[in-house]
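1. kindly return the folded structure for what I paste below:
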Amino acid sequence: MTYIFHKSLSQGIFQEQLKNVIVNPLFVKGDKSSQLANNRLISILTGFSKLLEILTLRRINQHFQLHHVQVPKQYGYQKGLSTDNASYKLNNFIFKSKNKKIYVSGNFCLDEGV
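-> Coordinates of the predicted model:
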């Protein structure tokens, strides 16, 4: 396994065989007869690919910490921070500004391929 992981990381290749995944819909709320609108999709990966994912994340984190690449306001790839933290911070900023009667604007880009 170590050889395969090292080769994958050094060449930047994620083997096709590791990309196989089983996707199961998990009912969340609402009408059960609805196709996917009321379901959350859960991906089941192989243990091997999950280990490679964890190893890759650790390497990225080590690189960021070693080279001081990541800015404090970047919430991705930082332990203990998530998009929930970023959303909270943004909402908190908007509400504080509104209370002070300060105008807030934002630009958001949508990738049409999503």
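
2. give me the neighbour count for L9.
-> By the criterion of other CB atoms under 10 Å, L9 has 14 neighbours. Glycine gets a C-beta too; all of them are placed from N, C-alpha and C.

3. actually, T56.
-> T56: 15 surrounding residues under other CB under 10 Å.

4. which strands or helices does the helix or strand where it lies pack on?
-> Per DSSP states H and E, T56 falls inside helix 47-67. Judged by 3 or more CB pairs under 8 Å, 6 or more residues apart in numbering; DSSP states H and E, the packing partners of helix 47-67 are helix 2-11.

5. mind giving me the packing neighbours of the helix or strand just after the helix it packs on?
-> Using DSSP H and E, the helix or strand that follows helix 2-11 in sequence is strand 22-27. Counting contacts by 3+ CB pairs under 8 Å, 6+ apart, strand 22-27 is packed against strand 39-44.

6. can you list the buried residues in the strand it packs on?
-> By neighbour count on 16 or more other CB atoms under 10 Å, the buried set for strand 39-44 is N39.

7. what's it in contact with?
-> The contact list for strand 39-44 (CB atoms under 8 Å, 6 or more residues apart in numbering) reads 21-28.
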